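**Q** I'd like to go over a predicted model; first the sequence, then the structure.
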Amino acid sequence: MKLCDRLFNSSVGAKMLMAVTGLMLTGFVLAHLSGNLLIFAGAEKFNAYAAGLKSLGALLWVARLGLLGAFVLHVYLAVKLTAENRSARPVKYAHEATIQASFASRYMIHTGLMMAAFIAFHLAHYTFRWTDPSFASLPEGDIYAMVIAGFSSPAVSGFYVLAMLALSFHLCHGVSSVFQTLGLYHGNLNPMTEKLGPIVATIVFVGFSSIPLAVLAGLVK
Ligand code: HEM
């Protein structure tokens, strides 16, 4: 009980929990990206990958629950820490730009909440299939056809690309600062960890955006 209190109620503990849950979510994003890129290998490989995931059964549900737990905790702590920071300093700094370093770091809560909204839409779109009536006529298990049908709308594709931009800003700062929060920030590592955020952010933006853009350009059909 005491450990839980320390973790949730001290801002250092809360930041550590944010770092660990953030790492778990980043791991999922990279795994999801590598699976999704199989779309460029054709319908058969992509659908086989999706079917393979489904066949994991109980294991898939354990992973989903772990992911959901990490996500809920990450968002809860982000909102709590932001509210605490704001009430500790109700008057904004006169020269905020000089005190808070980069664009990405200043807007973590905004890009984070945009991601929460994106994930809600994304689940309604491809997991529950509530938003696009054309999915109902697709053959069962043809995830490839569903993704192509989904991204043939420029508005939907444009929304995904914008969301990926928000995600990459979020990861740019998040991934670089996770090492500092977890105390893994040492002299020789600094230049490497500072670059890791922008590298992961670029891979995520280019990788995910390439899918809706390739569908719109007719390169994947
Ligand atoms: C071009 C970008 C993306 C594509 C094409 C895509 C594709 C998909 C598809 C097809 C599914 C449903 C799979 C199925 O029901 O068999 C799915 C589920 C999901 N996606 Fe994405 N996704 C993209 C980006 C993202 C991003 C950026 C995130 C998170 C930040 C994300 C998080 C999820 C989650 C949490 C699920 C539910 C997983 C599950 O039910 O086990 N996706 N995605």
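**A** Nice, thanks for sending it over.
**Q** so how far is the top helix by length along the chain off the chain centroid?
**A** The longest helix of the chain (DSSP state H) is helix 58-88. Distance of helix 58-88 from the chain centroid (CA atoms, centre = their mean, to the nearest Å) equals 12 Å.
**Q** in it, what's buried?
**A** For helix 58-88, a neighbour-count test (16 or more other CB atoms under 10 Å) marks Leu67, Ala70, Phe71, Leu73, His74, Val75, Leu77, Ala78, Leu81 as buried. C-beta: built from backbone N, CA, C; applies to glycine.
**Q** do stretch 108-123 as well
**A** Buried positions in stretch 108-123, judged by neighbour count with 16+ other CB under 10 Å: Met108, Ile109, Thr111, Gly112, Leu113, Met114, Met115, Phe118, His122.
**Q** got those residues as CSV, with distance to Cys172, secondary structure and pLDDT columns?
**A** Shown next, in CSV, are these (distance: CB to CB, whole Å; DSSP: H, G, I helix; E, B strand; the rest coil; pLDDT from 0 to 100):
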residue, distance to Cys172, secondary structure, pLDDT
Met108, 10, helix, 93
Ile109, 15, helix, 93
Thr111, 9, helix, 95
Gly112, 13, helix, 95
Leu113, 17, helix, 95
Met114, 14, helix, 96
Met115, 13, helix, 97
Phe118, 17, helix, 98
His122, 21, helix, 98
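**Q** filter the residues you listed by proximity to the ligand?
**A** Met115, His122 (CB under 6 Å from any ligand atom).
**Q** the ligand: which of the buried residues of helix 58-88 is nearest?
**A** Distance to the ligand across the buried residues of helix 58-88 (CB to the nearest ligand atom) is lowest for Leu67, with 6.4 Å.
**Q** how much space between the nearest residue to the closest one once chain neighbours are set aside and the ligand?
**A** The shortest distance from Leu67 to any non-neighbouring residue, by CB to CB, 6 or more residues apart in numbering, is to Phe28 (5.6 Å). Distance of Phe28 to the ligand, given as CB to the nearest ligand atom, to the nearest Å: 7 Å.
**Q** next: Val20.
**A** From Val20 over to the ligand (counting by CB to the nearest ligand atom), the distance is 17 Å.
**Q** is any part of the longest helix of the chain close to the ligand?
**A** Yes - using CB under 6 Å from any ligand atom, we find that helix 58-88 touches the ligand at Arg64.
**Q** where does pLDDT dip in this protein?
**A** For the chain, applying pLDDT under 70 flags the ranges 1-3, 6-7, 89-101, 185-189.
**Q** flag every residue of it that's near the ligand.
**A** 29, 32, 36, 50, 64, 115, 119, 122-123, 126-127, 143, 147, 160, 167, 208, 211-212.
**Q** buried ones among these?
**A** With burial judged by 16+ other CB under 10 Å, the buried subset of these is Val29, Asn36, Ala50, Met115, His122, Ile143, Val147, Tyr160, Leu167, Phe208, Ile211, Pro212.
**Q** out of those, which are inside helices?
**A** Val29, Asn36, Ala50, Met115, His122, Ile143, Val147, Tyr160, Leu167, Phe208, Ile211, Pro212.
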